[in-house]
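J.: Sequence plus the predicted model coming up.
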Amino acid sequence: MNKIFGLIFGVVLVTNAFAQERNLPALKINSPIKIDGILDEAVWQQAAMADSFIVNFPTFGVPAKQNTQVRVLYSDQAVYIGAYLYDDPKLIRKQLTSRDGESRQDIDYFSVFFDTYNDNQNGYQFLVTARNVQSDGRLVANKVSQFGLPTDYTWDAVWESKVTMQKDGWIVEMKIPYSALRFSKKVIQDWGINFQRYIRRNNEGSFWNKVDPQQNGFVNQFGNLTEVINIVPPLRLSVLPYITTGVRTTPLANGTNNTTILRNGGMDVKYGVNESFTLDATLIPDFGQVISDNVVLNLTPYEVQFQENRPFFTEGLELFNKAGLFYSRRVGSTPNNYQAVNNQVNSDANLRMISNPGITQLYNASKFSGRNKSKLGIGVFNAIAAPMNAIFENKTTGARTSIETEPLTNYNILVLDQALKGRSSLTFTNTNVIRNGGSRNSNVSGLDINLFDQNNKFNFSWGTRYSSITGANKYDGYASYLQFGKVSGNWQYSVSNTIESEKYDPNDLGYLKSPNEFSVIGKFGYYVYKPTKKFISQNYTFSILPVYLYVPFKFSNVTLKGTGFMVFRNFWDLTITANYQPVWQQDFFEMRTPGKSMKRMPYWYTGINGSSDSRKSFFIRYTLGIAEEPNYPLDSYNTIEIGPRYRFNEHFSLDLDLNRIVDNGQYGYAFREANGEPIAGRRKNTSFTSVLSGIYNFTSKMNLTMRARHYWSQVSYSNFYYTDINGDFLPHTFVNGMDQNFNAFNLDMFYTWDFKYGSKLIIGWKNALGSEFPIDGLRYNNYTKNLAQVFQQPHGNEFNMRLIYYIDYLTLQKKKRI
């Protein structure tokens, strides 16, 4: 009886300990520490220890299977982390990965998280793998993923780490300088902190302070770092000068090549105005060494939204992106009149293009951001784009003409973000674009309120937007959203409403597919995080989405959607999706003409996607989907995607992604008659995308990456229609020559060597199919034939080399740093 009572009492004590927010005192030091992964300095043993990690996945709430001991030191220059991760060395997974690339790879790792303002919303992650590969990122409050943490890995900092293998585990030693962190100025710091350990062989993720998957949010579940007192940080100033050189060849229609010598230089500057605020600036930026865009044949009335790959526009922008009003690809994009000048020259055989830059050059860009001791976040962004000009020549007279394709432009963003009690916040955002000559200027403002109750179970959010366009055409518009829901627990639900007026236009610096909409979303979900006989976790959601045209107020469509997501005991995952549109849709945007609409038939869609156990050498992702219009079964849609990845050894892996979509009855805008009347068409659209990517990691700081992508899309029309006032189809005579056959090919290969913390050498090769050389779709009418022809056509090539060198002010001053 006493033993049973003792066991129950012990379990209660452990449960209560797990339920409490833990505290860890840090120890201040005044003598140097060598980052060697040994932890042999006496101060490490004097520091308080964090242990008894709690599992988050796969079985929440149980003690971690392996012991982990962590200690924290700090000085006036940096925070130090020493972690001893006990384990059998033979069982530790040790795949070499790229920086920020540990997700779903065969590697153990350790992370430390900081909430330096203790606002339960924003934070930093610093991660080290068992092979001493670093990952780092900013924790983003509204980032949601079925896999992994809410970390934005596009942010990179300069810090030190070292890993050593021991007979009973492995050691991580880290030095994180204050240049990598921001915190308020006060005598006693109150930081949130947490530690994570991930053991790959059993996919066990554990935290020092428990992270309950049923609770909404991540940063709000940290413990506390205490006794950080009287930090006097040094001047935070670093510069990254760079030089770029290379050569680019572009094939021309006359069979010759245009060769351009590439040479550029510039500098990135990071200045800590104080411990809370940082100024980042880039002077004469060169973004040539980024992955090529995934170009597609766009048959929709909406602009294609591309991923941002330029480092300056991906790092530390979470504050500027909070309101969703900043689409960074607007800055330095293709000049607005680029295509118009191309069309003018191509339509006149007597004209020859001399130059027409496809990318707008930036003079500079800067961002000032941080948060004060009152938890007010302030962000200021500015970028100045140079005027761009196209030059073409008259072949007969030799006279050259210069046409401005983009004026001198100034881009600005201001953000004020007040973190409130708990996870609540109040945010004001303003974006504006000013163009030389005033042909078109824009100003957009937004106000957002996000409130959580004391128990973090319910959320209420409201926001409003106002846009003003001035210049040749003046107009303004507004938008708003409202949402309420239960966001924690097994049962969750939400209802939301979005309104966008007819003239709301944030697109000079933001992205909106289409304005003039009124929509409502009702969502209900059941989430199970406790493992069952078959599943580790599972969730099921059902939503209904009615959409209306806002002015005049007209019904557009309603969609019912159900999803189920499951992680099996063998670590395979599966998502099942079913969509149903029970009534005819009135599409008010497809015909691209005010007052014109097009009806779309009711349809159903069902699909599955998932992946296998990513611990295995052979890993595969898959998607299968089918849709049908009940009254027109021939207008079927199907998609299949297969993505195998094979890890040959701890250095080398290859990944292949194949995606095929066939839409046998796609209805949409086809062309416009001479009188301006838009004509719709029924077409078969077949597209195939293949992406082969690979990486060879020579060391933890040196790798070679390759990515080759071929995209093919073929469009074959069978019928053409007018649309009447109700959006119904009326027959139109068949028009020949409207079919399309589109190919895009890109190969990007980069050798990267991080030869010093913050410094790197990058050598790149980019190859692309020439845009002047279309492939005959009648002669080559399937994917394999088009792929073969891609390699028979002229290609453009670019070879470049960039050297980036990190210079820290303290190093130059030869000050003694700890």
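T.: That came in fine, so what should we check first?
J.: make it CA atoms for all contacts and neighbour counts henceforth
T.: Will do.
J.: Backbone dihedrals for residue 340, both of them.
T.: phi -60, psi -40 (degrees, to the nearest 10).
J.: So what's the residue count around it?
T.: The number of residues packed near residue 340 is 12, by other C-alpha atoms under 10 Å.
J.: how far away is it from residue 298?
T.: Distance of residue 340 to residue 298, given as C-alpha to C-alpha, to the nearest Å: 18 Å.
J.: Beyond the strand or helix carrying residue 112, next helix or strand please.
T.: Per DSSP states H and E, residue 112 falls inside strand 109-115. From strand 109-115 onward toward the C-terminus, using DSSP H and E, the following helix or strand is strand 123-129.
J.: name the helices or strands packed onto that following strand?
T.: strand 109-115, strand 134-139 (3 or more C-alpha pairs under 8 Å, 6 or more residues apart in numbering; DSSP states H and E).
J.: okay, those strands in CSV with mean pLDDT next?
T.: Shown next, in CSV, are the helices and strands packed on strand 123-129 (pLDDT from 0 to 100):
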stretch, mean pLDDT
strand 109-115, 97
strand 134-139, 93
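J.: Could you dump those strands into a markdown table with distance to residue 358 and mean neighbour count added?
T.: Listed next are the helices and strands packed on strand 123-129 as a markdown table, based on distance: least, C-alpha to C-alpha, whole Å; neighbours: other C-alpha atoms under 10 Å:
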| stretch | distance to residue 358 | mean neighbour count |
| --- | --- | --- |
| strand 109-115 | 41 | 24 |
| strand 134-139 | 32 | 24 |
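J.: could those strands be laid out in TSV, adding distance to residue 692?
T.: Shown next, in TSV, are the helices and strands packed on strand 123-129 (distance: least, C-alpha to C-alpha, whole Å):
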stretch	distance to residue 692
strand 109-115	27
strand 134-139	24
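J.: Of the ones you listed, which is nearest residue 74?
T.: Among those, the nearest to residue 74 by C-alpha to C-alpha is strand 109-115 (13.5 Å).
J.: Direction included, what does the closest one pair up with?
T.: strand 123-129 (antiparallel), strand 188-199 (antiparallel) (DSSP bridges).
J.: Let's test this: mean pLDDT of the last one, rounded?
T.: Pointing back at strand 188-199 there. Computed over strand 188-199, the mean pLDDT rounds to 96.
J.: that older thread, with mean neighbour count as added columns, please give the strands paired with strand 109-115 in TSV.
T.: Below are these laid out as TSV (neighbours: other C-alpha atoms under 10 Å):
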stretch	mean neighbour count
strand 123-129	24
strand 188-199	22
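J.: I'd like to know which of those strands is closest to residue 75.
T.: Evaluated with C-alpha to C-alpha, the strands paired with strand 109-115 place strand 188-199 nearest to residue 75, the distance being 13.0 Å.
J.: From residue 644, how far off is residue 270?
T.: Separation of residue 270 from residue 644 (C-alpha to C-alpha): 41 Å.
J.: Likewise for residue 781?
T.: For residue 781, the distance to residue 644 - C-alpha to C-alpha - is 27 Å.
J.: Which one of the strands paired with strand 109-115 lies nearest to residue 62?
T.: Taking these one by one with C-alpha to C-alpha, strand 188-199 is closest: 14.1 Å.
J.: higher neighbour count, residue 781 and residue 644?
T.: residue 644 (17 against 13).
J.: what are the phi and psi angles of that one?
T.: Residue torsions, per degrees, to the nearest 10, at residue 644 are phi -80, psi 150.
J.: Quick check, it in contact with residue 623.
T.: No - contact between residue 644 and residue 623 fails when scored by C-alpha atoms under 8 Å: they sit 11.9 Å apart.
J.: measure stretch 347-360 end to end?
T.: Taking C-alpha to C-alpha, stretch 347-360 runs 24 Å from one end to the other.
J.: Show me what the closest residue to residue 412 other than its chain neighbours bridges to in the sheet.
T.: Excluding the flanking residues, the one nearest residue 412 by C-alpha to C-alpha, 6 or more residues apart in numbering is residue 382, at 4.6 Å. Applying DSSP bridges to residue 382 gives these bridge partners: residue 366, residue 412.
J.: For residue 382, give me the pLDDT.
T.: 97.
J.: show me the contacts for it.
T.: Contacts for residue 382 (C-alpha atoms under 8 Å, 6 or more residues apart in numbering) come out as 365-367, 410-413.
J.: could you redo the last one with a cut-off of 6 Å?
T.: 365-366, 411-412 (C-alpha atoms under 6 Å, 6 or more residues apart in numbering).
J.: Give me the below-cutoff pLDDT ranges for the stretch 701-818 of the chain.
T.: Within the stretch 701-818 of the chain, the ranges that satisfy pLDDT under 70 run 813-818.
J.: Then the chain?
T.: Looking along the chain with the criterion set at pLDDT under 70, you get 1-20, 142-147, 288-289, 813-818.
J.: Could you look up the SS state of residue 460?
T.: What DSSP: H, G, I helix; E, B strand; the rest coil gives for residue 460 is strand.
J.: What is the neighbour count of it?
T.: That count, for residue 460 with other C-alpha under 10 Å as the rule, works out to 18.
J.: Residue 795 now?
T.: The burial count for residue 795: 21, using other C-alpha under 10 Å.
J.: my guess is it contacts residue 768, does it?
T.: Yes - here residue 795 reaches residue 768: they are 5.4 Å apart, a contact under C-alpha atoms under 6 Å.
J.: before we move on, the earlier item: out of the helices and strands packed on strand 123-129, nearest to residue 55?
T.: strand 109-115 (13.8 Å).
J.: Can you name the residues in contact with the closest one?
T.: Under the contact criterion C-alpha under 6 Å, 6+ apart, strand 109-115 has outside partners 123-130, 191-198.
J.: Could you do stretch 149-160 as well?
T.: 136-140, 143, 174-176, 180, 314-316, 758.
J.: For those residues, give me JSON lines that also has distance to residue 749.
T.: What follows is the contacts of stretch 149-160, written out as JSON lines (distance: C-alpha to C-alpha, whole Å):
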{"residue": "136", "distance to residue 749": "24"}
{"residue": "137", "distance to residue 749": "24"}
{"residue": "138", "distance to residue 749": "27"}
{"residue": "139", "distance to residue 749": "30"}
{"residue": "140", "distance to residue 749": "30"}
{"residue": "143", "distance to residue 749": "30"}
{"residue": "174", "distance to residue 749": "31"}
{"residue": "175", "distance to residue 749": "32"}
{"residue": "176", "distance to residue 749": "31"}
{"residue": "180", "distance to residue 749": "30"}
{"residue": "314", "distance to residue 749": "21"}
{"residue": "315", "distance to residue 749": "22"}
{"residue": "316", "distance to residue 749": "26"}
{"residue": "758", "distance to residue 749": "21"}
